[in-house]
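>>> Could you work out the structure for the sequence below:
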Amino acid sequence: MPSDAKILIVDDHEETLYALESTLAPLGYRLARATSGDEALKQVLRGQVGLLLLDVRMPGVSGLDVVRYMRRVEQTQNIPVILLTGFGADQELTAAAFGLGVADLVMKPIDPWSLRTKVRYLYDAYRRHRALEEEVRELRALVKGHADAPGRPGRPALPQPDTRVPPQRDSPAAKNRT
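A predicted model of the protein is given here:
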């Protein structure tokens, strides 16, 4: 994933967007905003979103609707989501949110230190996950290219392990020799 992936903050109240941007600005990540579920989905589908902070209750497309849609689309199903709600703890909401695989459900008013910690952890973990996925794709292409190289029919793509290497000291085979 490119390093310019952004954190998308979605809320239908301008003052909440401003407060969340001010809270997350010290982290130094790229931030983007949306004021509706529809707008959020458009930005997420365009790509470059590494984390979504999403208000649960918005007119039109709700936060839960956004997450439901994201989880059905391969390119967006692994983007971490933190749901935000100002309506207090609700068992139905909690069950629905975690059932959809959200990373966290945060009650407003939000503790800035706690939110920054969660965002830093989730965003960085997602970036590492995407970097590993890219590395796996590159290695598979390299292995495939090596196996398909002319003049190498029937040869394995990767060298076979050296069977002359003695077993480790703590392995069962080493204990049987003593």
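>>> pLDDT (mean, whole number) over the helix or strand that contains Tyr126?
Element membership of Tyr126 [criterion: DSSP states H and E] is helix 112-147. Mean pLDDT, helix 112-147: 91.
>>> Counting by contacts, list what it packs against.
Other elements packing on helix 112-147 under the criterion 3 or more CB pairs under 8 Å, 6 or more residues apart in numbering; DSSP states H and E are helix 14-24, strand 49-55, strand 81-85, strand 104-107. For glycine as for every other residue, the C-beta is placed from the backbone atoms N, C-alpha and C.
>>> So for stretch 95-113, first residue to last residue, what's the gap.
Stretch 95-113 has its terminal residues 25 Å apart, counting by CA to CA, to the nearest Å.
>>> Turn the helices and strands packed on helix 112-147 into JSON lines, columns for mean pLDDT.
Shown next, in JSON lines, are these (pLDDT from 0 to 100):
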{"stretch": "helix 14-24", "mean pLDDT": "96"}
{"stretch": "strand 49-55", "mean pLDDT": "96"}
{"stretch": "strand 81-85", "mean pLDDT": "96"}
{"stretch": "strand 104-107", "mean pLDDT": "94"}
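>>> Looking at these, spot the one closest to Arg127.
Smallest distance to Arg127 across the helices and strands packed on helix 112-147 (CB to CB): 6.0 Å, for strand 49-55.
>>> Who are the packing partners of that closest one?
If you count contacts as 3+ CB pairs under 8 Å, 6+ apart, strand 49-55 packs onto strand 6-10, helix 37-46, helix 63-72, strand 81-85, helix 112-147.
>>> Please work out which residues outside the third one touch it.
Which is helix 63-72. Contact with helix 63-72 is made by 10, 37, 40-41, 44, 52, 54-57, 76-77, 79, 81, 83-84, 93, 96-97, 100-102, as judged by CB atoms under 8 Å, 6 or more residues apart in numbering.
>>> sorry, back to before: tell me the most buried of the helices and strands packed on helix 112-147?
Comparing the helices and strands packed on helix 112-147 on average neighbours per residue, with mean count of other CB atoms under 10 Å, the densest one is strand 49-55 at a mean of 26.
>>> re the thing from before, distance to Thr23 for the helices and strands packed on strand 49-55 - can I get that in TSV?
Output for the helices and strands packed on strand 49-55, formatted as TSV (distance: least, CB to CB, whole Å):
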stretch	distance to Thr23
strand 6-10	10
helix 37-46	19
helix 63-72	18
strand 81-85	11
helix 112-147	4
